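Chemist: I would like the atomic coordinates for the input below:
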Amino acid sequence: MTDPAAAVEPGVDIHEHAGIGDPNAHHHSPEQIRKEMRVYLAVFAGLAVLTAVTVGAFFALKTFPVRIAIMVALVIASIKGFLVAAFFMHLLSEKKVIYGVLILTVIFFIFLMLLPVSHHANPFGS
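Modeler: Next up, the predicted model:
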């Protein structure tokens, strides 16, 4: 029996020769890798800046009411969470089902965050 790789010209992928295409072939080019590295480094820099903003907000908001400080911290954390989910977890390039699940999760999160507020504002609560 002959080796199928031997029948293929040098430098040609055996899968390409067999008609099997690699759907992720464009992800392996050096240009694409450099582009993705720039994106990851920019996101890393953004996360570092937002971490510094979180520390600065801690010191700047000491005189503000606790509710405002918590809201500012949650906004900063949400932005950082978006950056991680969107770029490091590749959710920006996912299908609509992922977006639906993500939106549903955000709705439930908001609902759960509002539960203590509504309980505290309820005059008939125990």
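Chemist: Can you give me the separation between residue 94 and residue 86?
Modeler: 10 Å (CB to CB, to the nearest Å). For every residue, glycine as well, the C-beta is placed using N, CA and C.
Chemist: Kindly report the same for residue 32.
Modeler: When residue 32 is compared with residue 86 (using CB to CB), they lie 18 Å apart.
Chemist: Next: residue 39.
Modeler: Counting by CB to CB, the gap from residue 39 to residue 86 is 10 Å.
Chemist: between these two, which one's more packed in?
Modeler: Ranked by neighbour count (other CB atoms under 10 Å), residue 39 and residue 86 place residue 86 first, with 15 against 11.
Chemist: What sits closest to the more buried one if chain neighbours are left out?
Modeler: Nearest non-adjacent residue to residue 86, counting by CB to CB, 6 or more residues apart in numbering: residue 92, 4.6 Å away.
Chemist: got the domain boundaries for this protein?
Modeler: 31-92, 94-126 (automatic domain parsing).
Chemist: Just say which of those domains is most tucked in.
Modeler: domain 31-92 (a mean of 12; mean count of other CB atoms under 10 Å).
Chemist: Figure out how far it is from the centre of its chain.
Modeler: Relative to its parent chain, domain 31-92 has a centroid offset of 11 Å by CA atoms, centre = their mean, to the nearest Å.
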